[in-house]
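1. With the sequence up front, the predicted model follows.
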Amino acid sequence: MHLPKVPTLLSAFITLLNDRLGETIVFPLLPFLLERFTTNGSTLGLLAGTYAISQFAVAPLIGALSDRFGRKPVIITCVSGSVIGLFLFAVTVSLNWNNFLPIWGTGLPLLLLFIARVIDGASGGTAATATAVLADISTPENRAKTFGLIGVAFGLGFVLGPGLGTALARFSVTLPVWAATLFALINLFLVIWILPETLPKKARNSFIRKRELNPFTQLRLVFINPLSRRLCVAFFVFFMAFNGFTAVLVLYLKEAFSWTPQQSSQAFVIVGVVAMVVQGGLIGPLVKRFGEWRLTLTGIGFVIAGCILLTLANTENSIPMVFNAVGVLAIGTGLVTPCLRALISRRLNATGQGAVLGSLQGLQSLGTFLGASAAGICYDLLGQRSPFYGTTCLLIIVIALVSGNALPRNKKQPISN
């Protein structure tokens with residue numbers, strides 16, 4: 001590694017880590033942070049989904065601006081937005097609004113929380129732009145090795161975030177949000193001071209077409225290939241189901257079993273550790289032995305089993321049952337996510353890989369918003385366990401979509417423009 005690359009790799013790594021920490025620290029504590037303002041699942045689901053839909057709407061613009069003006073100004077803007085969003089969220093949940101708000105103004109804190117999530121989500125292009133930085137400084141031969149930083153940063157984020165939340169919530173449930181804000185601020189200082197610009201002016205795109213800024217236009221690329229269309233629908237439904245019920249999972253644990261913030265964060269620590277083991281060490285040998293198609297179906301089966309375990313938990317056995325359930329869920333999603341992406345990738349020619357696989361992120365964000373919103377409504381109207389039953393039904397649909405798609409490796413169809 002050449003010395004000039006060290007500041008670039010460090011900045012990109014911290015940016016990727018910040019992208020995960022901002023979510024994984026706050027998410028397990030969300031129902032506890034909101035309990036002074038609302039206790040219904042619909043609001044929680046919408047708040048959880050607001051980040052995803054904001055990211056979905058703005059992601060194409062951030063990518064285009066990154067190609068037009070360079071990586072550094074876009075990363076600085078995105079991380080600044082993350083700092084502002086987290087700071088506004090932290091201030092809102094920390095203030096005692098009863099001291100200076102009239103009765104008719106009690107909706108203001110919730111409005112501020114939604115605004116904070118919109119700001120944080122709309123500036124959520126940090127991961128994509130940091131990935132572009134890594135691509136800029138890599139050769140085709142060492143790109144896979146450099147991209148390993150992405151997996152390390154995301155894995156650490158899923159473990160350190162809930163772990164830090166568990167430790168700090170013992171003192172105050174709002175303290176983890178301030179910690180996330182501080183880390184985002186450190187990230188901002190790093191990218192301002194030490195991150196060099198990695199995209200030369202001669203390599204920049206001087207013309208941005210309006211249709212490239214429409215997130216729904218980008219999704220068209222996902223569905224125009226008949227060989228990958230069915231699996232792309234399965235990908236969308238899977239994330240709508242999985243991210244839907246996880247949006248209300250902590251609320252379920254809090255209201256059904258009187259779990260504390262520490263217990264909820266510990267459950268997500270288990271998810272992070274298991275996911276790191278599966279995706280970091282086991283997925284390669286498992287794919288060689290069983291193939292992506294079988295592992296995708298097996299992973300969906302694990303997720304269904306985890307949902308069933310959650311519905312069987314009661315006040316007496318909630319701790320072992322839930323911890324086992326989230327471990328099973330982590331195994332399942334750790335198998336499904338990389339294997340389903342690989343199945344889609346195998347149906348594409350090399351020229352269509354980047355566009356379609358990039359559009360899958362938008363599909364995932366849209367599915368997260370729809371799933372979280374629907375799960376919150378079901379939680380309020382149909383009962384606490386209804387989101388888990390709904391997820392099971394949707395996952396059966398995913399199994400039907402994936403079944404029969406064990407395509408030979410050499411059967412690919414080009415992407416048409």
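-> Arrived safely.
2. Can you name the residues that contact Val236?
-> Just to correct that, residue 236 is Phe rather than Val. Residues counted as contacts of Phe236 (CB atoms under 8 Å, 6 or more residues apart in numbering) are 363-364, 366-367. The way it works is simple: take the backbone N, C-alpha and C, and place the C-beta from them, glycine included.
3. List buried residues within these.
-> Taking 16 or more other CB atoms under 10 Å as the criterion, what is buried in the contacts of Phe236 is 363-364, 366-367.
4. Now for those: which two are most distant?
-> Spanning the widest gap among those are Gln364 and Leu366, at 7.4 Å by CB to CB.
5. helix, strand or coil for the closest residue to Val278 other than its chain neighbours?
-> Once flanking residues are discounted, Val278 sits nearest to Gly334: 3.3 Å by CB to CB, 6 or more residues apart in numbering. Assigned by DSSP: H, G, I helix; E, B strand; the rest coil, the conformation of Gly334 is helix.
6. Pull the contacting residues for Leu88.
-> Leu88 touches 112, 115-116, 119, counting by CB under 8 Å, 6+ apart.
7. Could you check which helix or strand contains it?
-> If you go by DSSP states H and E, Leu88 is part of helix 71-94.
8. roughly how far is that helix from the heart of the chain?
-> The chain centroid and the centroid of helix 71-94 are separated by 17 Å under CA atoms, centre = their mean, to the nearest Å.
9. go on, stretch 165-177?
-> Distance of stretch 165-177 from the chain centroid (CA atoms, centre = their mean) equals 22 Å.
10. Quick check: buried residues in that stretch?
-> Within stretch 165-177, the residues scored as buried using 16+ other CB under 10 Å are 165-166, 168-169, 173-177.
11. One more: stretch 62-74?
-> For stretch 62-74, using 16+ other CB under 10 Å, the buried residues are 62-67, 69-72, 74.
12. Can you tell me which of those residues is nearest Asn96?
-> Proximity of those to Asn96 was ranked by CB to CB; the top entry is Ile62 with 36.3 Å.
13. does the closest one belong to a helix or a strand, and which?
-> Per DSSP H and E: Ile62 is located in helix 41-69.
14. helices and strands around that helix, which ones?
-> Contacts defined by 3 or more CB pairs under 8 Å, 6 or more residues apart in numbering; DSSP states H and E place helix 41-69 against helix 30-34, helix 71-94, helix 108-122, helix 126-136, helix 215-223, helix 226-257, helix 350-382.
15. Tell me which of these sits nearest to Ile53.
-> Nearest to Ile53 among the helices and strands packed on helix 41-69 is helix 350-382; the distance by CB to CB comes to 3.9 Å.
16. and whichever helix or strand comes after the closest one, how far from the chain's centre?
-> Once the chain leaves helix 350-382, the next helix or strand it forms, by DSSP H and E, is helix 386-402. Offset of helix 386-402 from its chain centre (CA atoms, centre = their mean): 20 Å.
17. Show the secondary-structure elements that helix 386-402 is packed against.
-> When contacts are defined as 3+ CB pairs under 8 Å, 6+ apart, helix 386-402 sits against helix 226-257, helix 292-312, helix 350-382.
18. Pull out the buried positions in the shortest one.
-> In other words, helix 292-312. 292-293, 295-307, 309-311.
19. now stretch 365-384
-> 365-380, 384.
20. Give the rounded mean pLDDT of that stretch.
-> The pLDDT scores in stretch 365-384 average 92.
21. what do you get for stretch 85-95?
-> Here stretch 85-95 scores 92 as its mean pLDDT.
22. List the buried residues in that stretch.
-> For stretch 85-95, the neighbour count (16+ other CB under 10 Å) marks 85-93 as buried.
23. Columns distance to Ala256 on top of these, output as CSV?
-> Formatted as CSV, these follow (distance: CB to CB, whole Å):
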residue, distance to Ala256
Gly85, 30
Leu86, 29
Phe87, 33
Leu88, 31
Phe89, 26
Ala90, 28
Val91, 31
Thr92, 27
Val93, 23
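24. which of the residues you listed sit farthest apart?
-> Gly85 and Val93 (12.8 Å).
25. What's the separation between Arg385 and Ala241?
-> 15 Å (CB to CB, to the nearest Å).
26. How is this structure divided into domains?
-> Per automatic domain parsing, the domain ranges recorded for the chain read 1-197, 214-412.
27. and Gln262, how many neighbours?
-> 16 (other CB atoms under 10 Å).
28. Check Arg289 too.
-> The local packing of Arg289 (other CB under 10 Å) involves 9 other residues.
29. Give me the secondary structure label for it.
-> Assigned by three-state DSSP, the conformation of Arg289 is helix.
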